[in-house]
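Participant: sequence first, predicted model second:
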Amino acid sequence: MSDSIKFGVVGFSKNQFDKKAAYQILEGLFLQIKAKHSKRIVEIVSGYTNSGVPKIAYELAEKFGFKTVGFSAKQALKVKSGLFPVNEVIMHGEYFGDESEAFVNYIDGLIRVGGGPQSRKECEMFKALHATNSLVSRIKEFEIDWYGEKPIQNVNVVIKGLRLVEDFITKETQQALIDQIDQGVWLSELKRRVQHYGYKYDYRARAINESMKVAPLPDWVNPIIEKMLVGGVFPTAPDQMIINEYQPGQGIAAHVDCVPCFGEQIISLSLGSTAVMEFKGLKTNQKITKLLTPGSLLVMEGDARYNWQHGIPPRKSDLINGKRKQRSRRLSLTFRKVILG
Ligand SMILES: O=C(O)CCC(=O)C(=O)O
């Protein structure tokens, strides 16, 4: 028997989680480890950082007299939260994730407390490595509450009637549309700038009628409408279009598009920056996020149109697949068919 045993601890690396729960889980497990391995050197191996679950693991490890090992890629040296003064540092690779394979090979057991994609991926790698080797006693996974921004993983959660057609238009077409749009007249009545075509929509009254007729949809948008009709996205051509401009930090409040004002399809074409759209089920309270890539077409009908709110949180950056991405200017063209009362 080797005189040391190594337990990896992975989990949330930022601080917006239920720390009390994480502390209690780790304290309970460390008590068991201490009792079972009293004659061995116990190493607690976690991300080389001074925040999140690793910090709690290291603090508790010191309390229990365990050795602390920081295992990370070099990127850890640049993180603002600093570095826990661990007993030993092991570095593998440049960027977060590069160290995962070496990490799972180094440890004898693994504990996950919450955590994002990297923590979960490491658990899967560890399970694959020990598939035939008393796995149950080697890995312990716990879910705890996360209070921060939810990581976007573009999971295929099915909202009936929601479709995202990626690359509906090319980069060149996107730029051509942006150039046309910027020749139009922007309205500054909201926090974000907008252009209304076909009918002006009254956001306060949530109403539309004949008197709100404005300039028709411009000719330059016809090829897009034809493509939507050919693709069967719309049964008949839309007669209303709102262009939204989102500068970093701007968003749109969660809403269901006015039911008596507009028909069954609400369709939004994205230009410029990627955006994270949040959906909330009115009946289920379920929350789902969808990544709207530039050039994609979002189609909402049926359940998605009537039973889910959609909105874009006003932020300057988004957490996408574990990486923070700064937003830039985004434009969206939302097409609807007006129902006149
Ligand atoms: O920007 C978008 O993609 C959505 C716009 C929207 O929801 C709206 O104009 O009502």
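Facilitator: Yep, it's here.
Participant: who does whichever residue of the stretch 151-300 of the chain sits closest to the ligand bridge with?
Facilitator: As assessed by CB to the nearest ligand atom, the ligand sits closest to residue 268 within the stretch 151-300 of the chain, at 3.7 Å. C-beta: built from backbone N, CA, C; applies to glycine. Using DSSP bridges, the beta-bridge partners of residue 268 come out as residue 298, residue 334.
Participant: so it sits right up against residue 332, yeah?
Facilitator: Yes: using CB atoms under 8 Å, residue 268 makes contact with residue 332 at a distance of 5.1 Å.
Participant: which residues do those two both contact?
Facilitator: Jointly contacting residue 268 and residue 332 under the rule CB atoms under 8 Å, 6 or more residues apart in numbering are residue 292.
Participant: now for the residue of the stretch 151-300 of the chain closest to the ligand: which residues touch it?
Facilitator: Residue 268 neighbours (CB under 8 Å, 6+ apart): 292, 297, 298, 300, 332, 333, 334, 335.
Participant: highest neighbour count among these?
Facilitator: Counting neighbours by other CB atoms under 10 Å, residue 335 leads those with 27 neighbours.
Participant: which one of the contacts of residue 268 is nearest residue 44?
Facilitator: Distances from residue 44 to these, taken as CB to CB, are shortest for residue 292 (40.9 Å).
Participant: can you tell me the residue of this structure closest to the ligand?
Facilitator: For the chain, CB to the nearest ligand atom, closest residue to the ligand: residue 332, 3.2 Å.
Participant: for that residue, helix, strand, or coil?
Facilitator: Following DSSP: H, G, I helix; E, B strand; the rest coil, we place residue 332 in the strand state.
Participant: show me the contacts for it.
Facilitator: Residues in contact with residue 332 (CB under 8 Å, 6+ apart) are 243, 244, 246, 268, 269, 270, 271, 275, 292.
Participant: can I get these in a markdown table with secondary structure?
Facilitator: A markdown table is the format used below for the contacts of residue 332 (three-state DSSP):
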| residue | secondary structure |
| --- | --- |
| 243 | strand |
| 244 | strand |
| 246 | strand |
| 268 | strand |
| 269 | strand |
| 270 | strand |
| 271 | strand |
| 275 | strand |
| 292 | strand |
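Participant: pLDDT added to those, as a markdown table?
Facilitator: Output for the contacts of residue 332, formatted as a markdown table (pLDDT from 0 to 100):
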| residue | pLDDT |
| --- | --- |
| 243 | 98 |
| 244 | 97 |
| 246 | 97 |
| 268 | 97 |
| 269 | 97 |
| 270 | 98 |
| 271 | 98 |
| 275 | 92 |
| 292 | 95 |
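Participant: isn't residue 249 up against residue 314?
Facilitator: Yes: judged on CB under 8 Å, residue 249 makes contact with residue 314 at a distance of 5.9 Å.
Participant: and the two? Which one has more around it.
Facilitator: Taking neighbours as other CB under 10 Å, residue 249 and residue 314 compare with residue 314 leading, 15 against 12.
Participant: tell me the secondary structure of that one, please.
Facilitator: Put simply, residue 314 is coil when judged by three-state DSSP.
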